[in-house]
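Chemist: A structural model of the following input is requested.
(one chain, ligands or ions: 2)
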Amino acid sequence: MSKPIIAVNNLVKTFGLGDVKFQAIKNLNFTINRNDFIVMVGPSGSGKSTLLNILSGLEVADEGNVRYEETDINHLSSANRTKFRKNNIGYVFQKYLLLSNLTAAENIAVGVNNKEDLDKIPDLLERFGLEEHQHKLPSELSGGQQQRVSILRALIKKPKVLICDEPTGALDQHSSKEVLKVIQQFHEETDMTIIMVTHDNKIPLIGNRIIEIKDGEIKNVIEQQPKKVKEIDW
Ligand SMILES: Nc1ncnc2c1ncn2[C@@H]1O[C@H](COP(=O)(O)OP(=O)(O)O)[C@@H](O)[C@H]1O
Ligand SMILES: [Mg+2]
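Modeler: Residues are numbered from 1 along each chain as shown. Ligands and ions are numbered 1, 2, ... in the order given. Coordinates of the predicted model:
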């Protein structure tokens, strides 16, 4: 068994001050292996987004470690954490968060770390059905197209880990499938690790592990043979 790519130990996150403290994450422990496709599920308010924010270094936990191999990102300086995130982690939000004054192609370029990767944008746009839309602004794109742009923005730097918070939460079923196919294809072609939160009841089928979160704790873990997006009866 290879070493985990992420090891989370005794993670605690509390919001609020004084008497109105609220523990959103309660002593979480788990590991994630390279090329895992983890799907996280659980009721609204159970701490899923908080956990993803901590795993990506957007937020810090009050206690515990988030080790990416040798690096505990929960104990890095803010500047080093930002650097780590830029080099290693891609993040996809439910609301796309594209820059409204940049075209589709320019938004993807925002994610580039190494200049050479700029040359890959035309090919990616073509492969993911966005070629004819590359000069459009986000306001001229459908939700599904915007989300595919935001995924390519996250993937263009070849992150070790892709973190997605309800990436299809604002999309219809057809667009959701297109978006999931893009993610699944990258997962299969590379050794990228994926952590995805969803409310959909079919999407968990594409993961090799489902982690169920409730009230800031892991309630259940299911290991399974992942299914292809196109094999699922939506
Ligand atoms: N910045 C914050 N300040 C105070 N409470 C927060 C903050 N972020 C999240 N919470 C609380 O933590 C809990 C978990 O929230 P969240 O992680 O967004 O849940 P989920 O993504 O599972 O719906 C909720 O009760 C939420 O109100
Ligand atoms: Mg959430």
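Chemist: Please make it C-alpha for all contacts and neighbour counts, starting now.
Modeler: Will do.
Chemist: so does stretch 153-172 get close to ligand 1?
Modeler: No - contact of stretch 153-172 with ligand 1 is not found when judged by C-alpha under 6 Å from any ligand atom; the minimum separation is 8.0 Å.
Chemist: end-to-end on that stretch?
Modeler: In terms of C-alpha to C-alpha, to the nearest Å, the two terminal residues of stretch 153-172 are separated by 21 Å.
Chemist: just stretch 90-100 next, same as before
Modeler: By C-alpha to C-alpha, the extent of stretch 90-100 from end to end equals 20 Å.
Chemist: model confidence over the longest helix along the chain, on average?
Modeler: In the chain, taking DSSP state H as the definition, the longest helix is helix 173-189. Averaged over helix 173-189, pLDDT sits at 92.
Chemist: Now the element after it, going C-ward?
Modeler: strand 193-197 (DSSP states H and E).
Chemist: what are the pairing partners of that following strand, and which direction each?
Modeler: On the basis of DSSP bridges, the sheet neighbours of strand 193-197 come out as strand 37-41 (parallel), strand 161-165 (parallel).
Chemist: between the last one and helix 173-189, how many degrees?
Modeler: It stands for strand 161-165. Calculated by axes from the mean of the first three to the mean of the last three C-alpha atoms, to 10 degrees, strand 161-165 forms an angle of 160 degrees with helix 173-189.
Chemist: Identify the residues contacting strand 161-165?
Modeler: Contacts with strand 161-165, where a contact means C-alpha atoms under 8 Å, 6 or more residues apart in numbering, come from 49, 52, 56, 88-94, 154-155, 192-198.
Chemist: so where do the helices sit in the protein?
Modeler: Under the criterion DSSP H, the chain contains helices at 48-55, 78-88, 104-110, 121-127, 143-155, 173-189.
Chemist: now the residue nearest the centre of the chain: how far from residue 117?
Modeler: Nearest to the mean C-alpha position of the chain, by C-alpha atoms, centre = their mean, lies residue 163 at 1.5 Å. Distance, residue 163 to residue 117, by C-alpha to C-alpha: 21 Å.
Chemist: Hmm, residue 14 and residue 23 touching each other?
Modeler: Yes - Residue 23 lies in contact with residue 14 (C-alpha atoms under 8 Å); the separation is 4.2 Å.
Chemist: Next to ligand 1, which bits of the chain? Give me the list.
Modeler: 15-16, 24, 44-50.
Chemist: Which of those residues are buried, as a PyMOL select command?
Modeler: Buried residues within these, by 16 or more other C-alpha atoms under 10 Å, are selected in PyMOL with:
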select buried, resi 24+46+47+48+49+50
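Chemist: Quick one: the residues of the chain next to ligand 1 as TSV, columns for pLDDT too.
Modeler: As requested, the residues of the chain next to ligand 1 are exported to TSV (pLDDT from 0 to 100):
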residue	pLDDT
15	96
16	90
24	97
44	96
45	95
46	97
47	97
48	98
49	97
50	98
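Chemist: Which two among the residues of the chain next to ligand 1 are spaced furthest apart?
Modeler: The distance between the two most remote of the residues of the chain next to ligand 1 (C-alpha to C-alpha) is 18.8 Å, for 16 and 44.
Chemist: got a list of what residue 156 touches?
Modeler: Applying C-alpha under 8 Å, 6+ apart, one finds that residue 156 lies in contact with 108-109, 111-112, 117, 120-121.
Chemist: All set now, cheers.
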